[in-house]
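Undergrad: Take this sequence and fold it.
(chains A, B and C)
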Amino acid sequence: MMKEEGFFEKVYEIVRQIPYGRVTTYGVIANFLGTPRSARMVGWALNNSGMDNSVPAHRVVNKNGILTGKHYFNGTNLMQQLLENEDIKVEDNQIIDFENKFWNPLKELDSQ
DNA sequence: AGTATGACAGTCA
DNA sequence: CTGACTGCCATAC
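TA: Below is the predicted model:
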């Protein structure tokens, strides 16, 4: 394959650093990478994260806290099950108490 | 080099 | 309030 590493690698590393019971959004990751408009790129990177089983992509949701790409996981509610396994309540594909579970890399990785 | 896609976000109707 | 389109950035073909 080609050297597509770069944006993807950054996304992977950030997602990997998401602690247990926490979630983040594409926009935040994109913003952390310096391209807040490339939120779609983040999602696409996570799609490729399938080759990186160390990337808890199930902890990454959209701005509304919705499990947008759960269908891309396993075609089932696997993503939701994983989140619930982390004490994260999910209803109708949306994370409950999302703002409380929200993990901000800009704060956690920059202020630490 | 150009076109098409992508798990989004934001704005308009 | 709900639905649809455009915009933006990067990768793949």
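Undergrad: Not counting its neighbours along the chain, what's nearest A:Met87?
TA: Actually, residue A:87 is Asp rather than Met. Nearest non-adjacent residue to A:Asp87, counting by Cβ to Cβ, 6 or more residues apart in numbering: A:Gly21, 5.1 Å away. The C-beta positions use only the backbone N, C-alpha and C, and glycine is treated the same way.
Undergrad: contacting residues around the one you found?
TA: Contact analysis of A:Gly21 by Cβ atoms under 8 Å, 6 or more residues apart in numbering lists A:Glu86, A:Asp87, A:Ile88, A:Lys101.
Undergrad: again, only this time at 10 Å
TA: A:Arg59, A:Leu83, A:Asn85, A:Glu86, A:Asp87, A:Ile88, A:Asn100, A:Lys101, A:Trp103 (Cβ atoms under 10 Å, 6 or more residues apart in numbering).
Undergrad: and what of A:Arg40?
TA: A:Tyr26, A:Ala30.
Undergrad: and it, what element?
TA: Using DSSP states H and E, A:Arg40 maps to helix A:39-48.
Undergrad: and that helix, which residues are buried?
TA: For helix A:39-48, the neighbour count (16 or more other Cβ atoms under 10 Å) marks A:Ala39, A:Met41, A:Val42, A:Gly43, A:Trp44, A:Ala45, A:Leu46 as buried.
Undergrad: what's the burial count for A:Asn85?
TA: Look at A:Asn85: counted by other Cβ atoms under 10 Å, it has 11 neighbours.
Undergrad: Tell me the helix or strand right after the helix holding A:Arg40.
TA: strand A:60-61.
Undergrad: Do that following strand and DNA strand B come into contact?
TA: Yes: in terms of Cβ under 7 Å from any atom of the strand, part of strand A:60-61 sits within range of DNA strand B, namely A:Val60.
Undergrad: That strand: partners in the sheet, and parallel or antiparallel?
TA: strand A:24-25 (parallel) (DSSP bridges).
Undergrad: Does the strand it pairs with reach DNA strand B?
TA: Yes: for strand A:24-25, a contact with DNA strand B is found by Cβ under 7 Å from any atom of the strand, at A:Thr25.
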